[in-house]
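K.L.:
give me coordinates for this.
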Amino acid sequence: MKRGKSKADTTKKADTRLSVKKGGERAPKKPRKTKAAKDPNKPKRPPSAFFVFMEEFRKSFKEKNPNNKSVSVVGKAGGDKWKSLSEAEKAPYVAKAAKLKTDYTKKIAAYNKNQSDGGSHAAADEDESDKSKSEVNDDDEEEEGTEEEEEDDE
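P.N.:
Take a look at the predicted model:
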């Protein structure tokens, strides 16, 4: 009596066929995406309330523990202290962070406006600087030319 093939048997065969890798049939590698260059003129993001707190906490912690050289210890102690603070104690840091954020939003808006408008202005600035360089070089060349002519005359 022959037994019919079960679905489990057929999937095992299919799995073994799929698991065999053939060397010549590799998919072509995709080119890696490169990161866009960062603009050094772009304003930095403002610190959060926690980081505003940490600036002050690091100073006081360093005064209390001058021999401590470990950054991780300072970070852990600051995190524990931040968690233990009440909302009222965190309020000045939150307010300062909010003020820094509003300043940042103004700066980034101005930066973005200059970026959208500034493409043509930046090129104009470069042209002007090239012109000024060429004028300076022209003066040098004229002086050198007169010296060469004097030497030829002698």
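K.L.:
helices of this protein, residue ranges please.
P.N.:
Per DSSP state H, the chain carries helices over the ranges 7-19, 49-64, 71-84, 87-153.
K.L.:
let me know the average pLDDT across the longest one.
P.N.:
Model confidence over helix 87-153 averages 70 on the pLDDT scale.
K.L.:
one more: the shortest one?
P.N.:
Confidence for helix 7-19, expressed as mean pLDDT, is 59.
K.L.:
go on, the second one?
P.N.:
Averaging the model's pLDDT scores along helix 49-64 yields 94.
K.L.:
so which elements touch it?
P.N.:
helix 71-84, helix 87-153 (3 or more CB pairs under 8 Å, 6 or more residues apart in numbering; DSSP states H and E). Yep, even glycine has a C-beta here, placed from its N, CA and C like the rest.
K.L.:
ok, residues contacting it?
P.N.:
47, 68, 74-75, 77-78, 81-82, 85, 90, 93-94, 96-97, 100 (CB atoms under 8 Å, 6 or more residues apart in numbering).
K.L.:
okay, angle between it and helix 71-84 too, please.
P.N.:
120 degrees (axes from the mean of the first three to the mean of the last three CA atoms, to 10 degrees).
K.L.:
helix 49-64: which residues count as buried?
P.N.:
49, 52, 53, 54, 57, 61 (16 or more other CB atoms under 10 Å).
K.L.:
follow-up on the earlier one: only the buried subset of the contacts of helix 49-64, as a ChimeraX command please.
P.N.:
Entered in ChimeraX, the line below selects the buried ones among those, by 16+ other CB under 10 Å:
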select :47,74,77,78,82,90,93,96,97,100
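K.L.:
list just the nearest of the contacts of helix 49-64 to residue 109.
P.N.:
Among the contacts of helix 49-64, residue 100 lies closest to residue 109 (CB to CB), at 15.0 Å.
K.L.:
what's the separation between that closest one and residue 36?
P.N.:
Computed as CB to CB, to the nearest Å, the residue 100 to residue 36 distance reads 26 Å.
K.L.:
likewise for residue 112?
P.N.:
Going from residue 112 to residue 36 by CB to CB gives 15 Å.
K.L.:
mind checking which of these two has more residues around it?
P.N.:
residue 112 (12 against 6; other CB atoms under 10 Å).
K.L.:
ok, now which ones touch that one?
P.N.:
So residue 112 contacts nothing (CB under 8 Å, 6+ apart).
K.L.:
so how far is residue 44 from it?
P.N.:
15 Å.
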